[in-house]
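**Student:** Model the following, please.
(chains A, B, C, D, E and F, ligands or ions: 4)
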Amino acid sequence: MQFGFLKDNEPRVSITPSTLEKFISLGHKVSIEKNAGILSGFSDSRYNNAKFYSRKELIKNSNVILSVNSSSFGMLNDYKGKVLISNFSVDQNREELKKEIKKNKILAYDLSMIPRTTIAQSMDILSSMAGLSGYKAIIKAAELLPKIFPMTITAAGSIKPVKVVVIGAGVAGLQAIATAKRLGAIVEASDPRQAAKEEVLSLGAKFIEVDGAVEDKTAGGYAVKQSKEYLEKQKEEVSKRLVQADVVITTAQVFGSKSPVLISKDIVEKMNSGTVIIDLASSTGGNCELTEDSKIVDYNGIKIVGNSYLASELSYDASNLFSNNVYNFINYIIKDNEFIHDDDDILKNCKI
Amino acid sequence: MQFGFLKDNEPRVSITPSTLEKFISLGHKVSIEKNAGILSGFSDSRYNNAKFYSRKELIKNSNVILSVNSSSFGMLNDYKGKVLISNFSVDQNREELKKEIKKNKILAYDLSMIPRTTIAQSMDILSSMAGLSGYKAIIKAAELLPKIFPMTITAAGSIKPVKVVVIGAGVAGLQAIATAKRLGAIVEASDPRQAAKEEVLSLGAKFIEVDGAVEDKTAGGYAVKQSKEYLEKQKEEVSKRLVQADVVITTAQVFGSKSPVLISKDIVEKMNSGTVIIDLASSTGGNCELTEDSKIVDYNGIKIVGNSYLASELSYDASNLFSNNVYNFINYIIKDNEFIHDDDDILKNCKI
Amino acid sequence: MEKFLFLLSAFLLVWGLRLQSDPASASKGNKFAALGMLIAIFSAVIMPLENSKSNLIWIIIPLSVSATLGYIIAKKIEMTSMPQMVSIFNGLGGLSAVLLSFTEINKWIIFPDAYEIIVVVVLLSSLFIGSVAFTGSLLAFAKLDGYKWSEKLTLPFQHIINIVFIFMILVCSYLFISSSDVTYLYLIIFLSFVYGIFFVAPIGGADMPVVISLLNSFTGITAALTGIIFGNIVMLLGGILVGAAGTILTLLMCNAMNRSLLNVIIGGFSSSGPSNENKEQGDIKEISDSDFAVQLFYSNKVIIVPGYGLAVAQAQKLCKEIQESLEANDVEVKYAIHPVAGRMPGHMNVLLAEADVDYSKLIELDQANEEFKSTDVAVIIGANDVVNPDAIDDSSSPLYGMPILKVWESISTVVLKRSMSAGYAGVQNPLFFKKNNKMYFGDAKESLQRLSSELKNL
Amino acid sequence: MEKFLFLLSAFLLVWGLRLQSDPASASKGNKFAALGMLIAIFSAVIMPLENSKSNLIWIIIPLSVSATLGYIIAKKIEMTSMPQMVSIFNGLGGLSAVLLSFTEINKWIIFPDAYEIIVVVVLLSSLFIGSVAFTGSLLAFAKLDGYKWSEKLTLPFQHIINIVFIFMILVCSYLFISSSDVTYLYLIIFLSFVYGIFFVAPIGGADMPVVISLLNSFTGITAALTGIIFGNIVMLLGGILVGAAGTILTLLMCNAMNRSLLNVIIGGFSSSGPSNENKEQGDIKEISDSDFAVQLFYSNKVIIVPGYGLAVAQAQKLCKEIQESLEANDVEVKYAIHPVAGRMPGHMNVLLAEADVDYSKLIELDQANEEFKSTDVAVIIGANDVVNPDAIDDSSSPLYGMPILKVWESISTVVLKRSMSAGYAGVQNPLFFKKNNKMYFGDAKESLQRLSSELKNL
Amino acid sequence: MNEILSFLIDNEILIYLLLFTILLGFEVISKVPSVLHTPLMSGANAISGIVILGAIILIRTTETDNYFTLILASIALFVGSINVFGGFFVTNRMLEMFNKKKKG
Amino acid sequence: MNEILSFLIDNEILIYLLLFTILLGFEVISKVPSVLHTPLMSGANAISGIVILGAIILIRTTETDNYFTLILASIALFVGSINVFGGFFVTNRMLEMFNKKKKG
Ligand SMILES: NC(=O)c1ccc[n+]([C@@H]2O[C@H](COP(=O)([O-])OP(=O)(O)OC[C@H]3O[C@@H](n4cnc5c(N)ncnc54)[C@H](OP(=O)(O)O)[C@@H]3O)[C@@H](O)[C@H]2O)c1
Ligand SMILES: NC(=O)c1ccc[n+]([C@@H]2O[C@H](COP(=O)([O-])OP(=O)(O)OC[C@H]3O[C@@H](n4cnc5c(N)ncnc54)[C@H](OP(=O)(O)O)[C@@H]3O)[C@@H](O)[C@H]2O)c1
Ligand SMILES: NC(=O)c1ccc[n+]([C@@H]2O[C@H](COP(=O)([O-])OP(=O)(O)OC[C@H]3O[C@@H](n4cnc5c(N)ncnc54)[C@H](O)[C@@H]3O)[C@@H](O)[C@H]2O)c1
Ligand SMILES: NC(=O)c1ccc[n+]([C@@H]2O[C@H](COP(=O)([O-])OP(=O)(O)OC[C@H]3O[C@@H](n4cnc5c(N)ncnc54)[C@H](O)[C@@H]3O)[C@@H](O)[C@H]2O)c1
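**Tutor:** Numbering: from 1, shown residues only, chains lettered A, B, ... in the order given. Ligands and ions are numbered 1, 2, ... in the order given. The predicted model follows:
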């Protein structure tokens, strides 16, 4: 099989020199679009045994084409009859997309739909990228905050530890908690999932208790939509912390719907000047009322960073993890140079 | 006595609401230039019992005038007969400055000249600011680096811990070491002072041994100029680490002379793309050949940040510490509303 | 001269036993005791006796044959059948006492003036206790060796029957002493033999070690009684020593199993332990604090497999502490980090970094799976799914196909968790039931605390 | 009857001693032993004797007076002078044995046939050992109580003189036995008294507990010897028991102080210990592992003052461990953070954060200086300048004027450092020589390790 | 009963000895870690074979033609010394594993 | 010398008793934590005052007019029992502090 890796419209790349080696050793042929890895620190010269093409040639010469984001594909017309593997979650209109794909006889796999089971975890790009985003959220907050994180007693006075509130203790939230703790902050977190409490405590942070969360065990790890009352109660409990917080990280997402607004404008108005809010849910509307996707809003000295793509700022590590996810996926769906049957759980989920 | 605090030409401010209280409780009168603290998160309304003036009025109404940086004073002519207290180290031409001060009958105290004795530590702005810079250097590096600091073993592959090299283990260097260690990096440090080794080890980092350093116990904690051979040897030992490093923090300064160039262009060329160098010594020429003060240079994907003023990015904490230093200094030199005699060690040092 | 030798041998026996109560010197202690015994035998052979006959051949032959036999048996026997062996040996010791008492009593029957009545009473006691030890030990052996017929069997009214037996033996003894009629003697022996069987029969196989220890202290007492008869002080002291030590040991063993002695003897084996819950899947074995500590302590290489439970318990610092105290004793310790252990990518890294575990001690999946083969103990702390063999063996498992830490390839494994409940994937773990696995139940923080203090006591 | 009582008392003495070797039961053990002793005294008073006279008054009076006296002394004495008291008591025990032997020997002088020679030898031994125990204990008391004249004094050729003394005592004994001349007897007593002084004189005050323990086992031996003379088996056994236990205890104490017994006795106190270096500034006192542990363990509030040394030793985790084990015993633990402790701003914060010490446990200078007043022990770990009272008291000090942690306002302080050398500012610290301060020398990591394991043994 | 009592009084020291031996037996074992339970049981069991001293003494004091006694005593000696020798050897094997490493 | 030897042989059981007592003394103390060193020393010291039994026996067997012996023995009894009583009381006080707090 002939694999083609596109140069994405962002720093990450879906293949790295080390995964390339693995592909080659499995006997696959690999072509890469020119300068695909340059922004992740992988110049073309570091890829051995791969062919380099312009985009057009690449498409012509490959039957499976991969990218980090589906938006990098451009027009799907160009990919008639090919197999496309990417993260299609950025495509807003799913129905439209499905039609388009059908029309062009494309076989498309959406890596963002990998089920969150233990065994699929090695292909789960959402997990791997969320982990990086969580880390970066704290780093970015630390960069923007006019304070230092750890408590520090010095001859020139004492500095109190920074207070961090994390809303949504999923993969990203947990990683943010861990990173903030490392830097010496006092961390509290909120999440409606029951398991989240134990998980938050397992990182040594505090959990903000709110009664009455709705839980759906069948949702496979995703949070389900919460009742109005719950959201109210949560807002209240969390708000108490928010107005004293120095850094707020929000990651609350609900699969398939707009992210809940957990920080309203009036709460932001009560926050201290200098506070930093990093909203990782911004691509699905954001958890803060004032969030604007991919922008930094300064509201009375409070900085609201709306960014769901922080992982791509960690392009080196992100590309490595992403390309491993891709490799593991390919390795799973292709046996004996053939795509395996579609009654597989994972495939069923991913296929568009 | 009537104290006047200027609005500086940078985010920090030399008085904060809490030090203001201390001044007031000592019976001093305090005036503040309008909006002086706004960039540090202290709006004028947070200062109680102070008068707010425009710059002109302020100068007229005060006999002691203070600022974070002497460059904020503007023309010294305006301050005839006043007492000025600030950090004058940014003024490049010392002789010129002295003349100017004499001419205007100004009494000027340079806070950057506080001796580094145990008892003077509470007034030592270099220490307090260097500590913050060291922290911020690592945060900035983490923000710029396309990698995450800690080792992380995940289903999508393993991430190696970042390697940090710190050159110059003074106050800033030590704080950088501590912060990098907190984030999970592997840290090595180099410094010609003998005591530095123990200090580096006391933070759990590794020390890069180089023989033959010159030590001058009388230099009061400052490093003295090193021999050519030593600098060569050091360069060699350190270079071995540099070419494998992901983050390099340099803080090597020698009192009263240009900072030594420890990273030459050819070493930078051997470094990995993506590496970040934060040069805290840039204001005195920088420790890296390619450093440009107050700029981020991108050299083949290697980012060289020349910035000696990182503390001012932490304006909230920095202002707090700075204003405490100022307060402690005032409290020391003013007894019974009079400046004390000049045969004091600390005063002798500071007076210009 | 021989008095001095006897004194020396008494000293060696005591000192030997004493040394045996500390792992570091136990082996030396056994040798001391053996030397003491040899000296005692030698002294008994050479000591001047009033009307000594030269029946040396009757001594040499049994001694040498049994010495050789004992050596061969000990060499050949498998490590796992040691307790059985001890049981048989103990039975033989009991038999020996029975034979001796029997001969002596016969002397009395023939020359009624040879002994005072009190001596006969002593002899009968020795006969009784020895007989019980003999048949009891043999039954214990059968139970340990897993003979079907020997399994736990209780007569109805067991206690009453036992009391009746004791009573009958007492009556026969009285009759025998007053009549010197051998029939009664045989009856006593027979009843004692049966009583020995009744004594052990209702007790379950798992409690056998306790029973053997108890019977062993019985044998000690017979030895002491016989010692009185033969006027030999070393026999007396050795017997008493074993009797006392054996009794304490029995109590300690009961303690270690969390049972009372009365419970063992009377109650048979009924209750408790989480061990009974998951019978369908097989048996699990728990490990005691000290066994665990000693096992780690005497290992060359230990691999710790941390999992989510370690994070939940926030026991990472204790884990590091244990690592350090093992390393101080030249045990190589590593951490095998499974990529999905915990609840977020890199969870274990965060955890161990907090405890300041050196990066160089962390090994990844592939390397770990190489290294388990040369590992003495794999210690699984609050991990479950990531060490589940079903991921390899059972294609119906939701974990099937996930790369797994093959901990079971190490010589033995110990799993620390609070209960038998499942991990994230919600499936039971066959590892827990494997033959070389032991469970160490409890919240990881408490468990590791116990382990740590146990290690420091070693 | 009284035989049974004696047996019971022997048992109680042994069992009491045994219980005393475990902190949990020690108090009970002492009561057991006391009961045993009472029973023994009672039995000795009532036991039938061959030619018993009714001198009861001579018994009752001394007994009751001394019992009251003993009670009062024990009530009144300060906790800190306990070792001195033990030393005096032991001396009295020795004296008692001397008096008894002396009277018995007088009997022999008057009725040479009353005893065999061997008995006289035993009596003389008892006399000698008792005398050594007597004067030795008194000198030990003087040393412990800090009498100037009693300080370490060694004659030239001490060893030779000692040997000569022993030789002279032997010669006198021989002469005495062959001539029955009382002069020799007095000479023996005199020489023994002097020998006792020579024995203890060269040994330093710090080693006194060991010496007392040794002298105590001497007293035990005289008791046993006297027991032989009076044919009382409890005396014999009790004496032997104390002799043996005392000897082991002495060895254990030497061990705990990291010295060999030989070293203590022969070497006197010549070498080592940083204690001698800084005499000019006054005396420093060292604290032993177990005293330190007990002191912390039974405190209500402990404040730890960390300094640069804690960072150098990288002992922050151990520090946390100790905090936790103290907290587990309801001791309140806080950390007083001086603003310039360490070598960079916030050094201590970094350090303690690494050990995961809760922020709420850290207190700043002003609050700490408030809290020391209600603190039992302030533990200064590798800090120096920041606790230097000269910053307040001595205007010529380079530290003068710096705000300082006034640790000395707590009831007692313990300083952990490696030596007496100065800190960053290069000046000596008068705190170390304060009366309520003790030093605990060693690298902080090792010191805290020792302390921690000692705490766990409590 | 009287016999026993007088026996006790006559043998005062012996009684002390027995008491102390029992105490010693208790004391020696009382702090043993549970790993040593089995080997210790085995070791103690070997010592209980001390009963063979009786057999030896019996044989040595029996008339050379009293085959009944000789044979019985010999058997007693034989089975008893299997207990002794086997016991010590087996214990030794069990304990060998503790020798692997000396304490640090 | 001979006397001693025959003494030893005559008192075989006594020798065993002494040996075992010594062993017991060792054994009882051998595992004591160092905090207990001082109280234990004090406790053992009190026991060593057992020597007063000798004084009591001596007094009881002395003629009522033999004042020399009576006085000496009484003094012996007096000083010895200070050792005993004072010893136990002092030890008791030392040990009380261990009761103050039970182990956590
Ligand atoms: N790494 C990730 O990114 C990630 C994210 C989400 C899910 N997961 C999933 O999580 C699982 C991770 O495997 P794992 O082996 O680490 O964990 P696991 O399979 O969830 O097992 C954890 C075990 O720890 C025990 N435990 C919990 N608390 C404890 C305590 N306080 N003390 C002692 N034991 C305790 C539990 O047993 P008891 O209740 O009997 O004590 C449980 O069996 C995988 O299935 C993985 O797919 C991973
Ligand atoms: N905080 C800052 O920003 C800063 C910066 C520069 C200088 N300073 C100065 O540093 C000093 C700080 O005071 P401090 O009390 O923390 O420290 P210090 O006065 O320097 O005393 C540290 C003590 O720790 C002991 N020590 C060193 N290594 C040890 C080890 N491994 N184990 C046990 N003890 C050890 C040393 O005594 P032994 O050698 O006898 O063990 C020494 O006396 C002040 O004078 C301050 O002005 C502070
Ligand atoms: N089995 C696996 O291998 C695997 C892999 C990855 C993730 N997971 C699990 O999946 C779950 C979700 O992970 P994710 O990070 O991708 O989730 P996500 O990105 O969908 O959501 C982020 C978090 O926001 C939370 N959230 C939703 N509504 C909220 C509200 N109103 N207030 C506060 N928080 C709210 C969610 O509970 C979730 O924890 C986690 O439990 C994770 O452990 C499992
Ligand atoms: N006593 C006090 O209260 C006090 C207060 C502050 C600082 N100090 C001490 O003063 C000293 C200097 O502090 P600083 O941070 O202000 O110093 P600095 O800013 O003057 O220099 C930074 C570091 O660079 C190092 N350096 C110089 N030449 C170098 C070379 N060729 N290679 C590598 N490193 C080189 C110096 O040794 C110093 O450690 C430290 O020892 C500090 O502990 C003491």
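**Student:** Specify which residues of the chain, grouped into ranges, have pLDDT under the cut-off.
**Tutor:** Just going to use chain A. Residues of chain A meeting the criterion pLDDT under 70: A:91-92, A:212-226, A:342.
**Student:** Oops, wrong one, chain E.
**Tutor:** For chain E, the ranges with pLDDT under 70 are E:1-11, E:34, E:97-104.
**Student:** how is it carved up into domains?
**Tutor:** What the record gives for chain E is the domain set E:1-31, E:33-104, from automatic domain parsing.
**Student:** Let's have the ones you listed in TSV, adding mean neighbour count.
**Tutor:** (C-beta placed from N, C-alpha, C; glycine too.) Shown next, in TSV, are the domains of chain E (neighbours: other C-beta atoms under 10 Å in any protein chain shown):
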stretch	mean neighbour count
domain E:1-31	17
domain E:33-104	24
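**Student:** For chain A, find the nearest of these.
**Tutor:** The closest of the domains of chain E to chain A is domain E:33-104. By C-beta to the nearest C-beta, the value is 32.3 Å.
**Student:** starting at the chain centroid, how far to that closest one?
**Tutor:** 7 Å (C-alpha atoms, centre = their mean, to the nearest Å).
**Student:** Check the residue in chain C positioned nearest to ligand 3 and give its pLDDT.
**Tutor:** Nearest residue of chain C to ligand 3: C:R343, at 5.1 Å (C-beta to the nearest ligand atom). For C:R343, the pLDDT comes out at 89.
**Student:** pLDDT score assigned to the nearest residue to E:F89 once chain neighbours are set aside?
**Tutor:** With sequence-adjacent residues excluded and distances taken as C-beta to C-beta, 6 or more residues apart in numbering or on different chains, E:F89 is closest to C:A74, at 3.2 Å. C:A74 carries a pLDDT score of 84 in this model.
**Student:** From C:A34, how far off is C:A74?
**Tutor:** 12 Å (C-beta to C-beta, to the nearest Å).
**Student:** quick one: common contacting residues for these two?
**Tutor:** E:N92 (C-beta atoms under 8 Å, 6 or more residues apart in numbering or on different chains).
**Student:** Isn't the residue of chain C closest to ligand 3 up against A:L174?
**Tutor:** Yes. In this structure, C:R343 is within contact of A:L174 by C-beta atoms under 8 Å, at 6.6 Å.
**Student:** Can you check which residues contact both of those two?
**Tutor:** A:E199.
**Student:** and those two? which has more neighbours close in?
**Tutor:** When C:R343 and A:L174 are compared for neighbours, A:L174 comes out ahead with 31 against 21, by other C-beta atoms under 10 Å in any protein chain shown.
**Student:** Enumerate every residue touching the more buried one.
**Tutor:** Per C-beta under 8 Å, 6+ apart, neighbours of A:L174: A:134, A:199-200, A:203, C:343-344, C:347.
**Student:** Same question for E:A46.
**Tutor:** Applying C-beta under 8 Å, 6+ apart, the residues near E:A46 are C:33-34, C:37, C:89, E:83-84, E:86-88, E:91.
**Student:** which of the residues you listed lies closest to C:E371?
**Tutor:** E:T91 (34.2 Å; C-beta to C-beta).
**Student:** and that closest one, what element?
**Tutor:** For E:T91, the element it lies in under DSSP states H and E is helix E:67-99.
**Student:** so what secondary structure elements neighbour that helix?
**Tutor:** When contacts are defined as 3 or more C-beta pairs under 8 Å, 6 or more residues apart in numbering or on different chains; DSSP states H and E, helix E:67-99 packs onto helix C:26-46, helix C:56-76, helix C:82-110, helix E:37-48, helix E:52-61.
**Student:** If we use 10 Å, what do you get?
**Tutor:** helix C:26-46, helix C:56-76, helix C:82-110, helix C:208-229, helix C:289-297, helix E:37-48, helix E:52-61 (3 or more C-beta pairs under 10 Å, 6 or more residues apart in numbering or on different chains; DSSP states H and E).
**Student:** winner for burial among those helices?
**Tutor:** Ranked by mean neighbour count, the helices and strands packed on helix E:67-99 are led by helix E:37-48 with a mean of 30 (mean count of other C-beta atoms under 10 Å in any protein chain shown).
**Student:** pretty sure C:P339 is in a strand, no?
**Tutor:** No. Applying DSSP: H, G, I helix; E, B strand; the rest coil, one finds C:P339 to be coil, outside a strand.
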